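Peer 1: here is a sequence together with a model predicted from it:
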Amino acid sequence: MRLFKTRFAEPDYRINSVHRGCNGQNISSWCIHLIIMPLSLTNDNIKKLHCKSKEKITKPKVRSIATGKNLVAKQMQAEAGALLPKHLADVESILFIHEGECIFNMNDEDIVLKQGEGYIIPPDTKHQIKATTDFKGLHFMPKAIKFEYF
């Protein structure tokens, strides 16, 4: 969230623009808020100004499939309609769809991934998955991978 100070009239006011009030969900469900508010409002109050139509974020079921000296393969699965947390990783990884179908959103682009398809996820790139059907995916990554969630 970015806050820009602007003077309109006494007292001072803030413009809260481009507030990701939907907890960083898929760009198609983001809400843009342009709210003029007194400086006395706190960040806690600002967080309460959320979209009514936000989707619930669902953690996938994850289990380790294989572990080597430097690599790990994990299976993730989710039910149709589940929106998984938006995140990025510090290193490249590979996602392979074993069963079902999902929408992989990266760089504001939706990519449909079907059974038998894979995708190389570049490092330091925010991405998110929405299950369009019940799905299982295999995520191949270095053991030292570090994730950041939004």
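Peer 2: In hand now; what should we look at?

Peer 1: from here on, just use CA atoms for contacts and neighbour counts.
Peer 2: Fine.

Peer 1: where does this protein dip in pLDDT?
Peer 2: Counting by pLDDT under 70, the chain contains low-confidence ranges at 1-53.

Peer 1: all helices for it, in order.
Peer 2: Counting by DSSP state H, the chain forms helices over residues 43-47, given from the N-terminal end onward.

Peer 1: break down it into its strands, ranges please.
Peer 2: In order along the chain, the chain carries the following strands (DSSP state E): 2-6, 13-17, 34-38, 61-67, 71-78, 87-89, 93-99, 101-106, 109-114, 118-121, 127-131, 135-142, 147-149.

Peer 1: okay, these, which one's buried deepest?
Peer 2: Mean neighbour count, computed with mean count of other C-alpha atoms under 10 Å, is highest for strand 127-131 among the strands of the chain, reaching a mean of 22.

Peer 1: so what secondary structure elements neighbour it?
Peer 2: Strand 127-131 sits against strand 87-89, strand 101-106, with contacts defined as 3 or more C-alpha pairs under 8 Å, 6 or more residues apart in numbering; DSSP states H and E.

Peer 1: so which elements touch the shortest one?
Peer 2: Right, the one you point to is strand 87-89. Contact partners of strand 87-89 among helices and strands, from 3+ C-alpha pairs under 8 Å, 6+ apart: strand 127-131, strand 147-149.

Peer 1: can you list the neighbours in contact with that strand?
Peer 2: Taking C-alpha atoms under 8 Å, 6 or more residues apart in numbering as the criterion, the residues outside strand 87-89 that touch it are 123-128, 145-150.

Peer 1: how long is stretch 116-129 end to end?
Peer 2: With C-alpha to C-alpha, to the nearest Å as the measure, stretch 116-129 spans 16 Å from end to end.

Peer 1: also stretch 81-91?
Peer 2: Length of stretch 81-91, first residue to last, C-alpha to C-alpha: 28 Å.

Peer 1: right, and Ile145 touches Ala73 too?
Peer 2: No. If you go by C-alpha atoms under 8 Å, Ile145 and Ala73 don't touch, sitting 11.9 Å apart.
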